[in-house]
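Undergrad: just a sequence and a predicted model for now, questions to come.
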Amino acid sequence: MALQPNAGNCPAEAHGRRVRVVLFNGHDTARKEPGGWAADGKSGCNWRIGKPPHPFEIKEWELIG
């Protein structure tokens, strides 16, 4: 699956899965965290996008595995 833009909420297909994310500051989790981030749950991603977007918010994502 290719990178998809963050719509501001956890995508249904990502629930219970792990995701690779690219933040607005350019950080790509694939470089340092190949296991990705939990998309939801207790330590899940924060999918909200501020106005203007914060550098540490998710810009793009893709499912892992």
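TA: Sure, I can see it.
Undergrad: burial count for R18?
TA: R18: 17 surrounding residues under other C-beta atoms under 10 Å. Where you see a C-beta, it was placed from the backbone N, CA and C, and this is true even at glycine.
Undergrad: next up, the contacts around it.
TA: R18 sits next to 35-39, 63-65 when contact means C-beta atoms under 8 Å, 6 or more residues apart in numbering.
Undergrad: if we use 10 Å, what do you get?
TA: With contact set as C-beta atoms under 10 Å, 6 or more residues apart in numbering, R18 has these partners: 29, 33, 35-39, 44-45, 63-65.
Undergrad: now swap in G65 and tell me
TA: Counting by C-beta under 10 Å, 6+ apart, G65 makes contact with 1, 17-18, 35-36.
Undergrad: highest neighbour count among these?
TA: Neighbour counts for the contacts of G65 (other C-beta under 10 Å) peak at G36, which has 19 neighbours.
Undergrad: quick check: what element follows the helix or strand bottoming out on mean pLDDT in the chain along the chain?
TA: For the chain, counting by mean pLDDT, DSSP states H and E, helix 29-32 ranks last in confidence among helices and strands (a mean of 90). Once helix 29-32 ends, the next helix or strand along the chain (criterion: DSSP states H and E) is strand 37-38.
Undergrad: give me the mean pLDDT for that following strand.
TA: Confidence for strand 37-38, expressed as mean pLDDT, is 94.
Undergrad: packing partners for that strand?
TA: Strand 37-38 makes packing contacts with strand 18-23 when contacts are defined by 3 or more C-beta pairs under 10 Å, 6 or more residues apart in numbering; DSSP states H and E.
Undergrad: CA-only coordinates of the strand it packs on in PDB, if you can.
TA: The C-alpha atoms that make up strand 18-23 are tabulated as PDB, following Å, rounded to 0.1, in the frame of the first residue of the first chain:
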ATOM      1  CA  ARG A  18       0.400  -1.000  12.800                       C
ATOM      2  CA  VAL A  19       1.200   1.900  10.500                       C
ATOM      3  CA  ARG A  20       4.200   3.600   9.000                       C
ATOM      4  CA  VAL A  21       3.700   7.400   9.200                       C
ATOM      5  CA  VAL A  22       5.400  10.500   7.800                       C
ATOM      6  CA  LEU A  23       5.100  13.600  10.000                       C
END
